[in-house]
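**Q** how would this look folded up:
(2 chains)
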Protein chains: 2
Amino acid sequence: MNRIPLEEVQGVLERVLRGFGMTEARARLCARLFAETTCDGVYTHGVSRFPRFVATIRNGCVDVSAEPLRVAGLGAVERWDGQKGPGNLNAYACMERAMSLSRAHGVACVSLGNTNHWMRGGTYGWQAAEAGLIAICWTNTMPNLPPWGGAEPCIGNNPMVIAVPRANGPVVLDMAMSQFSYGALESYRKRGEMLPVEGGFDDGGAMTRDPGAIERSQRALPIGYWKGGGLSIVLDMMAAVLSLGRATHQIPRDSLREAGVSQVFIAMDPAGFGAQGEASEIVDDIVASLHDCRPAHAQETVRYPGERTLRTRAENRRLGLPVDAALWDEILALQGGTQHAEERT
Amino acid sequence: MNRIPLEEVQGVLERVLRGFGMTEARARLCARLFAETTCDGVYTHGVSRFPRFVATIRNGCVDVSAEPLRVAGLGAVERWDGQKGPGNLNAYACMERAMSLSRAHGVACVSLGNTNHWMRGGTYGWQAAEAGLIAICWTNTMPNLPPWGGAEPCIGNNPMVIAVPRANGPVVLDMAMSQFSYGALESYRKRGEMLPVEGGFDDGGAMTRDPGAIERSQRALPIGYWKGGGLSIVLDMMAAVLSLGRATHQIPRDSLREAGVSQVFIAMDPAGFGAQGEASEIVDDIVASLHDCRPAHAQETVRYPGERTLRTRAENRRLGLPVDAALWDEILALQGGTQHAEERT
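**A** Prediction:
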């Protein structure tokens, strides 16, 4: 595992994106969001996802030049068309817009259709919370999860993010509706470990902790069984209705063709509700009550969502981002880019 | 089990509430919300909860005369003080206010502090969805659920409701953050049944399907283990910050003293996003995709949240509400009321 300075990682990703024709400011932001995701310890959705992102540029799913377009709106809400642009840039722009509207109206909601995978959902939660705003946002996905009572993947794992600002560091929940992602199942299997709790069904329809059996059956469990399955369904409905974009059942079930997803970004400004400095204290008191909770295992403390992020971020800034050596070689080789390759012909 | 016409049930509850000094229009609405909850098949939170509600009037937790008060606001958001009034009336009024604001602004958020148990959360989802609006609302509760990694109840089961309008009947998700409520655990135990999936820990700290063991340990499981635990925490934080009301750790852990809870009501008007008649079709198509999903068990169909409600409602309207005979006698005996009792002295 290499340790590479954040700035160097970001610089290389930016050059790759420039090579594919992305404009300078957009390439810088897009690269920063990938690098910061790895810096924050969300290794599954950061730099390691970059080659797949490049593949979706190459296969035409992602249009590097497309910018999101406002197509409708009223007061505190707007509907945007992502025009198949880069998912993280589109999502960042729409959260920024929701934040701006929420400062004027107290709350705002921006919907975004026809966009691409937003990579790490938590990015947009941190974006709002670090600016002092509450955020609720979610995306739908291709069908990758069986609903409760279903034997095949018909619903999405539809990640949902809720972020609460706090002077001592925001609280950010970033969760998909599946108990374990396929990335997590793969990690457990490669380490030869069973899951800590049941994560899906085997081919015979029995619940199992065997990650490989779930990868084979494609029958992962929604969180809370029927409950998370229901939550996934209503998140998809709201995203499709508010964006007039695709619902999960209309999204191709292929991670390289998972295009045209729908997203919702809600921002709320505590000041609009008359809250001043006390908001941070209220959250601090809740955090303290969690830390005071008698732990199930001695030496451990109950944690709030996102509690370890700031420490991981500081460590990775200090030591450099941990990046797999083979992955880094693969990314360095992308610096030629399609455009350069075309120029050479 | 008696079968009593909805109107008769509602009339009796209304007379009881009038006896406690509730004004006519408020008593009618409060009684209707209780009766309709039972009519919709949510038997745990309807008429069967009424004697406990009366007990909280008698012990002073609920002030029948108190009306919610707007204390702050900006544009599309308002903060209200529930003034310890009846929880279902306060919640109904705040959802109504959020609905009205959302028609002007596209989205609206009303926070409500210092209120009481809202009974069935789904009530407020149906209220909005039947008027053509999307709703997201939640409440915090007393500490009744251990967080992941905790050995004692430090977080609330914080029910959350998401409702999506649809011409052929709304889709309404109404879920608490615990996998099984204590009411559900009791029902399984009385029937001598094990839970269908693990629902908590026994006194030794092992996960179990034995409902009685979980009742003894008070260690129910959050949905999705760490995920639902995290969701409960951020719902509590948002409710307390936006309402400047109590957080879970400040709410008495006693179902007869669970007062001063905090709630959030978000309404969204699809028309504000430029959606017209197509919204219902989008939801219909998603429902159709679920019904087409290959079922895990032959003869069964995947259902959307709230799918059985309209059928149950129709049946209970036709046959009368199923009400336990002893419960009904208990409620009939309440018709004297405190006030009448006082008048007689």
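
**Q** what ranges do the helices span in the stretch 101-250 of chain A?
**A** A:122-129, A:182-190, A:211-217, A:226-243 (DSSP state H, counting those that start in this stretch).

**Q** Output those as a markdown table; include the columns mean neighbour count.
**A** C-beta here means a position set from N, CA and C on the backbone, and glycine is covered the same way. As requested, the helices of the stretch 101-250 of chain A are exported to a markdown table (neighbours: other C-beta atoms under 10 Å in any protein chain shown):
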| stretch | mean neighbour count |
| --- | --- |
| helix A:122-129 | 26 |
| helix A:182-190 | 16 |
| helix A:211-217 | 19 |
| helix A:226-243 | 28 |
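
**Q** Would you mind telling me which of those helices is nearest residue B:76?
**A** The minimum distance between residue B:76 and the helices of the stretch 101-250 of chain A falls on helix A:226-243, with 15.5 Å, by C-beta to C-beta.

**Q** Does anything pack onto the closest one? Which helices or strands?
**A** strand A:77-81, strand A:107-115, strand A:134-139, strand A:261-268, strand B:134-139, strand B:160-164, strand B:171-175, helix B:278-291 (3 or more C-beta pairs under 8 Å, 6 or more residues apart in numbering or on different chains; DSSP states H and E).

**Q** Could you give the average pLDDT over it?
**A** Averaged across helix A:226-243, the pLDDT comes to 98.

**Q** That helix to strand B:171-175, inter-axis angle?
**A** Interaxial angle, helix A:226-243 versus strand B:171-175 (axes from the mean of the first three to the mean of the last three C-alpha atoms, to 10 degrees): 140 degrees.

**Q** quick one on the thing from earlier: looking at the helices of the stretch 101-250 of chain A, spot the one closest to residue B:249.
**A** Judging the helices of the stretch 101-250 of chain A by C-beta to C-beta, what sits closest to residue B:249 is helix A:122-129, at 21.2 Å.

**Q** is it true that residue A:114 touches residue A:84?
**A** Yes: counting by C-beta atoms under 8 Å, residue A:84 is a contact partner of residue A:114 at 6.2 Å.

**Q** re the thing from before, of the helices and strands packed on helix A:226-243, which is nearest residue A:305?
**A** strand A:134-139 (12.9 Å).

**Q** Could I get the buried residue list for stretch A:149-157?
**A** Neighbour-count burial for stretch A:149-157 flags A:149, A:150, A:151, A:152, A:153, A:154, A:155, A:156, A:157 (criterion: 16 or more other C-beta atoms under 10 Å in any protein chain shown).

**Q** which residues sit against it?
**A** A:140-147, A:176-178, A:181, A:205, A:218-220, A:222, A:226, A:229, A:232-233, A:236, A:248-249, A:251, A:253, B:289-290, B:292-297, B:300-303 (C-beta atoms under 8 Å, 6 or more residues apart in numbering or on different chains).

**Q** ok, residue A:310 - how many residues close by?
**A** 13 (other C-beta atoms under 10 Å in any protein chain shown).

**Q** and if you look at the one 10 residues further on?
**A** Here the count is done by other C-beta under 10 Å, and residue A:320 has 17 residues near it.

**Q** Just the element for the nearest residue to it once chain neighbours are set aside, please.
**A** Distances taken as C-beta to C-beta, 6 or more residues apart in numbering or on different chains put residue A:3 closest to residue A:320, at 3.5 Å, once the chain neighbours are dropped. Counting by DSSP states H and E, the element that carries residue A:3 is strand A:2-4.

**Q** Next secondary structure after that strand?
**A** helix A:6-19.

**Q** what comes up buried for that next one?
**A** Buried-residue list, helix A:6-19, by 16+ other C-beta under 10 Å: A:6, A:9, A:10, A:12, A:13, A:14, A:15, A:16, A:17, A:18, A:19.

**Q** Get me the contact residues on the stretch 1-150 of chain A for chain B.
**A** A:71-79, A:104-109, A:111, A:134, A:136, A:146-150 (C-beta under 8 Å from any C-beta of the partner chain).

**Q** Mind doing that once more with 10 Å?
**A** Counting by C-beta under 10 Å from any C-beta of the partner chain, the residues of the stretch 1-150 of chain A close to chain B are A:71-80, A:98, A:101-111, A:113, A:125, A:134, A:136, A:140, A:143, A:146-150.

**Q** anything in contact with each of residue A:114 and residue A:84?
**A** A:66, A:90, A:259, A:260 (C-beta atoms under 10 Å, 6 or more residues apart in numbering or on different chains).

**Q** Which of those residues ranks first by neighbour count?
**A** Top of these by neighbour count (other C-beta under 10 Å): residue A:90, with 26 neighbours.

**Q** Touching, it and residue A:64? I think so.
**A** No: at 11.7 Å, residue A:90 does not count as touching residue A:64 under the criterion of C-beta atoms under 10 Å.

**Q** Now for the two: what residues contact both?
**A** residue A:84.

**Q** which of the contacts of stretch A:149-157 are buried?
**A** Buried members of the contacts of stretch A:149-157, counted by 16+ other C-beta under 10 Å: A:140-147, A:176-178, A:181, A:218-220, A:222, A:226, A:229, A:232-233, A:236, A:248-249, A:251, A:253, B:289-290, B:293, B:295-296, B:302-303.

**Q** one step back: list the buried ones in the strand holding residue A:3?
**A** Buried residues in strand A:2-4, defined by neighbour count with 16+ other C-beta under 10 Å: residue A:4.

**Q** Which strands and helices lie in contact with it?
**A** helix A:6-19, helix A:309-319, strand A:321-323, helix A:325-333 (3 or more C-beta pairs under 10 Å, 6 or more residues apart in numbering or on different chains; DSSP states H and E).

**Q** returning to that earlier point: got the helices and strands packed on helix A:226-243 as TSV, with distance to residue B:271 and mean pLDDT columns?
**A** Output for the helices and strands packed on helix A:226-243, formatted as TSV (distance: least, C-beta to C-beta, whole Å; pLDDT from 0 to 100):
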stretch	distance to residue B:271	mean pLDDT
strand A:77-81	10	98
strand A:107-115	13	98
strand A:134-139	21	98
strand A:261-268	16	98
strand B:134-139	11	98
strand B:160-164	14	98
strand B:171-175	18	97
helix B:278-291	9	97
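
**Q** Looking at these, which is nearest to residue B:54?
**A** strand B:134-139 (20.5 Å).

**Q** so who does residue A:142 touch?
**A** By C-beta under 10 Å, 6+ apart, residue A:142 lies in contact with A:117, A:153, A:156-157, A:246, A:248-255, A:257-261.

**Q** Sketch out the low-pLDDT regions of chain A for me.
**A** Judged by pLDDT under 70, chain A has its weakly predicted residues at A:337-345.

**Q** count of residues packed around residue A:271?
**A** For residue A:271, using other C-beta under 10 Å, the count is 17.

**Q** Distance of it relative to residue B:138?
**A** In this view, residue A:271 and residue B:138 are 21 Å apart by C-beta to C-beta, to the nearest Å.
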